[in-house]
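Asks: Fold the following for me, if possible:
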Amino acid sequence: MRTGEPLPAVGEVLAALATGLWHWDTATGLVTLDTEAARLLGLPAEDAVLTEAQTRARLHPVDWNEITGVIQLAVAEDTLAEVRVRIMDDQGQVVRIVRSRSKPSFDPVKKVYELIGTLQEVTEPRPGTPAGRTTVTGDWRRSREAFLLDAGRALAEARSTTEVLRVAAGLSMPGFSPDGLAVFGVEGDRLTIIGHHGHQPGDESPFSHMALATDYPAAEVVRTGRAVYLSSPDDYRSRYPVTWPLARRFGRQSWAFLPLTVAGRTMGAWMAAFAYPVAFTPDERSVLTTVARMLAQALSRAGVAESERELTDGLQRSMLPTLGPQIPGMSVAARYVPTGGGLQVGGDWYDMIPLPNGRFALVIGDVQGHDVRAAGLMGQLRIALRAYASEGHRPDAVLSRASRFLHGMTYGDTEATDLRFATCLYVEADPTTGILDVARAGHPDPAIRMADGTVLTRPTAGGLPLGIDPDADYPTTRITLEPGETLLLCTDGLIETGGHDMETGWKRIRTILEDHKGDLEALADALVQAVHGPSSHHTTGPLADRREDDIAVLLLSRQGEAAGDPVVVRPRVRRTMLSVAQAEPERVAVARQQLRELLHDWASADQVDSAVLLLSETLTNVLVHTDADALLLAEVRGDPGERRMRIEVTDTSDDLPHKRRPGELASSGRGLVLIELLADVWGVDPRGEGKSIWFELCESAGEASSDGAS
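Replies: Numbers count the residues shown, from 1 in each chain. Below you'll find the predicted structure:
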């Protein structure tokens, strides 16, 4: 070609290079081929237009799936799509291998792809010939390296033996992908079939439990630790005449049997069978050997992980109880989710214990830590608590004995360096009356969902966590579970998971409890799902200080008055009761919080603030001006929009309050003045011993006054 002469046409250049052009538009579903491309696909050497189905029929099914995946990746990375595909004839035999390079584009509006690319044949050596790759040797090596990287990543991410086998079955090796795979294991002196691909169910029967002394390639590989390559049926028949009849019926043309070796020990063998002759060149043997090593490592990791999961799951199942028989008039639901620690075991537990007096006990607790020792201590502590409860001890005595038991286990050994404690909440329930006697050892307080959806945390007296002080006391708090109400007991994992503290975590739990409309089992699922996420949740989320912990949840619901039916009762009365002792002035703040929770849906926020202020004044008046303890009773009656709240504070002092006229700088004396100004109705009722100061606020009156002020 002389200088200045025009360049030849693109078509002539491509024809000289034996390269075809093709165009694929998914909007029309048509593939357009030029003369050379049609010839490479096994069609007459002339321009052709095929449907996607007709094109797919000319390609190996595995390669078609690979094309679609490569195209999507190329669009995402804005690069060329390059893939090798096998061209099949009408009998399903490979006639040639071609390399396709294309530039795909994607229309995000129409959701369609369009590709324009080239096809070029890749020369494959015949069995017994050298690796004579004439035109794309560099491409072969790059494809091999990319394949090995992808295969290594996929096998490393496989979490179970089933996933490893699935990944192995989906491997598309560059230029010589097998269509039949089998993984052999060893049990004693016999081969076993761990998994296979490309065979019909039952085809593995003759090879399963085959003696290692058998004249079979996989058995020889396990015995010697050396690979066996069979390039043709003649090779197979001449080397293994005894077992050749078993392999002949599958119609394969080449076989590779490679050892699966981990830490110098051959744990099995991998068979790759091909429907066409393969020469097993040095490059091909290198690829197969590398894949076999990665497959052995993946199977070893998966086996260890499955053994650990089976061990830890069995450990947790054996330590966590099944809920006992149904309780007349009550329903119980429980959930446990191990979220901390690599072994997926922890120290959280729950239990339900029948008691000699006809009642039953609910127990929930958390041993410090998320390891096997925590799980072991949890199991022993749960058994001890069950034993003490079954002896008929009261809740405070049960926890005192359990604390002494755990202290003796963890602190008794002077050489012990791993000292542990446990939090616990013990509830003795009377199914007839709904009375709950609660003893608490450093555990989060319980919460009650009232029949109308209102959620109140129930502050209870408590002591130190179990195991710290063998002589610790655990006072008992008595509360009543009314018909239609639900008691929630949980470990701190339910509250604090996701970077929350106790306050924000309770707000999240309260929202779930208030909004839930289903039964008790659905409520338990909703609590775990909202906090822990779906079962496939493994990420820690955007919060840098997120803390994962085990989750245990125990729900107790008292059924409504409808016989045998846990209906959701919508009463016109909701109430809460709380005592404030002279030595516990800090419980005034608890009382204010209880009142706000009781009035969570009150129409007027100003009235809620007024009620909290007046409650604080009346409780403080008792603590300051008397030597008695105070008892708070708060009630809300009526339908929304027309409700009336009544707050009553009772004490045992006979001294009646008097209205004063405090000076401008006086620090006290304004309690009754505020009540008279803010309450709709108020009064003082003498009792047989002591008195009761009460006031009421009407919801409708509060709305009217707010409207008038605006």
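Asks: make it CA atoms for all contacts and neighbour counts henceforth
Replies: Noted.
Asks: so where do the helices sit in the stretch 101-250 of the chain?
Replies: Under the criterion DSSP state H, counting those that start in this stretch, helices of the stretch 101-250 of the chain are mapped to 137-157, 161-169, 217-224, 233-239, 244-248.
Asks: Show me which residues of the second one are buried.
Replies: Translated: helix 161-169. Judged by neighbour count (16 or more other CA atoms under 10 Å), helix 161-169 contains these buried residues: Thr161, Glu163, Val164, Leu165, Arg166, Val167, Ala168, Ala169.
Asks: Can you tell me who the closest residue to the last one other than its chain neighbours pairs with across the strands?
Replies: If you skip the residues right next to it in sequence, Ala169 has His197 as its closest partner in space, 6.1 Å away by CA to CA, 6 or more residues apart in numbering. With DSSP bridges applied, the residues forming beta bridges to His197 are Leu181.
Asks: check contacts around His197.
Replies: By CA atoms under 8 Å, 6 or more residues apart in numbering, the contact list for His197 reads Ala169, Asp179, Gly180, Leu181, Ala182.
Asks: Same question for Glu66.
Replies: Val83.
Asks: Against Met173, how distant is it?
Replies: Distance, Glu66 to Met173, by CA to CA, to the nearest Å: 11 Å.
Asks: in what helix or strand does Gln380 lie?
Replies: In this assignment (DSSP states H and E), Gln380 forms part of helix 372-390.
Asks: next one: Val75
Replies: helix 61-77.
Asks: For that helix, the averaged confidence score.
Replies: Here helix 61-77 scores 77 as its mean pLDDT.
Asks: same check, this time on stretch 461-477
Replies: 89.
Asks: Now do the SS call for Thr266.
Replies: The three-state label given to Thr266 by DSSP: H, G, I helix; E, B strand; the rest coil is strand.
Asks: what's the offset of the biggest helix by length in the chain from the middle of its chain?
Replies: Criterion DSSP state H: the longest helix present in the chain is helix 282-319. From the chain centre to the centre of helix 282-319 is a distance of 22 Å (CA atoms, centre = their mean, to the nearest Å).
Asks: Helix 161-169 and that helix, what's the angle between them?
Replies: Relative orientation of helix 282-319 versus helix 161-169 (axes from the mean of the first three to the mean of the last three CA atoms, to 10 degrees): 160 degrees.
Asks: Can you read off the pLDDT for the closest residue to Asp629 other than its chain neighbours?
Replies: With CA to CA, 6+ apart as the criterion, Asp629 has its nearest non-adjacent residue at 4.5 Å, and that residue is Ala581. In this model, Ala581 is scored at 84, pLDDT.
Asks: Pull the number of nearby residues for Ala581.
Replies: Under the neighbour criterion other CA atoms under 10 Å, Ala581 is assigned a count of 17.
Asks: Got the phi and psi for it?
Replies: Ala581 adopts backbone torsions of phi -90, psi 160, taken as degrees, to the nearest 10.
Asks: ok so, going back, ok, of the buried residues of helix 161-169, which one's closest to Thr214?
Replies: Leu165 (25.1 Å; CA to CA).
Asks: State the pLDDT value of that closest one.
Replies: On the pLDDT scale, Leu165 gets 79.
Asks: For the residue lying closest to it once chain neighbours are set aside, grab the count of nearby residues.
Replies: Once flanking residues are discounted, Leu165 sits nearest to Gly195: 6.6 Å by CA to CA, 6+ apart. Other residues near Gly195 number 18, with proximity taken as other CA under 10 Å.
Asks: Help me confirm that Gly195 comes into contact with Ala169.
Replies: No. Using CA atoms under 8 Å, Gly195 makes no contact with Ala169, being 9.8 Å away.
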